[in-house]
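[1] sequence plus predicted model, see below.
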Amino acid sequence: MLIHGASGGVGSYAVQIAKAFGAVVTGVCRAPNQAMVLALGADHVSDLGPADLRRQAQRFDLIVDTAAFRSIRSWLPLLTPAGTYVLVGGDFSRLLRALLLGPLFSRLRRRKVVVVMQQPKRADLLVLKELVEAGQLRPWIDGRYPLDKLPDAVRRLEARQVKGKLAIEI
Ligand SMILES: NC(=O)c1ccc[n+]([C@@H]2O[C@H](COP(=O)([O-])OP(=O)(O)OC[C@H]3O[C@@H](n4cnc5c(N)ncnc54)[C@H](OP(=O)(O)O)[C@@H]3O)[C@@H](O)[C@H]2O)c1
């Protein structure tokens with residue numbers, strides 16, 4: 001599978017969960033973040049966009065996009081014939097488009113387009129708890145801030161300077 005935004009708050013968990021379930025994972029992120037994504041367990045890393053990845057002739061059963069800032073259609077040729085593209089986050093208009101057009105894409109191309117709207121469920125949280133206890137899932141904390149420095153933390157996030165998560169101490 002491919003995880004776009006693998007170095008982010010969501011992506012850093014997605015890489016570890018995918019590995020715990022036995023997937024072969026390619027993490028897509030900017031070059032300075034690649035060592036971190038490999039340290040989380042990804043098998044391969046890349047800073048290429050979908051057009052360049054397509055030229056490498058590799059195809060994926062599953063694409064998880066936590067940073068959908070470009071056309072969803074650009075990712076679909078990277079899927080295997082019955083593959084699935086999962087939009088988790090990114091640009092709001094892309095999310096709306098995927099919600100509205102996803103069923104149409106899925107019908108026309110066989111490849112599925114789905115939007116994840118995560119609702120915490122006890123059964124899922126228990127699976128995550130087991131992974132944490134087994135040492136297979138951990139937060140990647142890039143910095144700690146006291147509550148009164150929260151604006152600084154948000155500024156760093158907005159400037160795309162954070163790997164994984166920031167922790168706020170209360
Ligand atoms: N659907 C749901 O249930 C759900 C739940 C939680 C969060 N979300 C959404 O998921 C998205 C990701 O959340 P997050 O906490 O992982 O965010 P984040 O920590 O900011 O991570 C996003 C990652 O995407 C990469 N990226 C690629 N292009 C980008 C761009 N143009 N601008 C910013 N980042 C870009 C960045 O990595 P590189 O710099 O290495 O490329 C960044 O680390 C957000 O839109 C959030 O609202 C959805």
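    In hand now; what should we look at?
[2] in a strand, residue 144, correct?
    Yes: residue state for residue 144 (DSSP: H, G, I helix; E, B strand; the rest coil) corresponds to a strand.
[3] would you mind giving both backbone torsions of the nearest residue to it once chain neighbours are set aside?
    Among residues not flanking residue 144 along the chain, residue 167 sits closest, at 4.7 Å (Cβ to Cβ, 6 or more residues apart in numbering). C-betas here are computed from N, CA, C, even on glycine. Torsion angles at residue 167 (phi, psi; degrees, to the nearest 10) stand at phi -100, psi 140.
[4] residue 167: neighbour count?
    Using other Cβ atoms under 10 Å, residue 167 has 13 neighbouring residues.
[5] show me what contacts it?
    Residue 167 makes contact with 139, 141, 143, 144, 145, according to Cβ atoms under 8 Å, 6 or more residues apart in numbering.
[6] how close does the closest residue to the second one other than its chain neighbours get to the ligand?
    This points to residue 141. If the residues on either side of it in the chain are set aside, residue 141 comes closest to residue 167, at 5.1 Å by Cβ to Cβ, 6+ apart. Distance, residue 167 to the ligand, by Cβ to the nearest ligand atom, to the nearest Å: 13 Å.
[7] just put the contacts of residue 167 in a markdown table and tack on distance to residue 27 and pLDDT.
    Output for those, formatted as a markdown table (distance: Cβ to Cβ, whole Å; pLDDT from 0 to 100):
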| residue | distance to residue 27 | pLDDT |
| --- | --- | --- |
| 139 | 17 | 96 |
| 141 | 18 | 97 |
| 143 | 21 | 96 |
| 144 | 24 | 97 |
| 145 | 26 | 98 |
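[8] just to check, residue 23 is in contact with residue 14?
    No: Residue 23 is beyond contact range of residue 14, at 9.9 Å (criterion: Cβ atoms under 8 Å).
[9] what is the worst-scoring helix or strand of the chain on mean pLDDT packed up against?
    Lowest by mean pLDDT, DSSP states H and E among the helices and strands of the chain is helix 92-109, with a mean of 84. Contact here means 3 or more Cβ pairs under 8 Å, 6 or more residues apart in numbering; DSSP states H and E; on that basis helix 92-109 packs against strand 79-87, strand 112-115.
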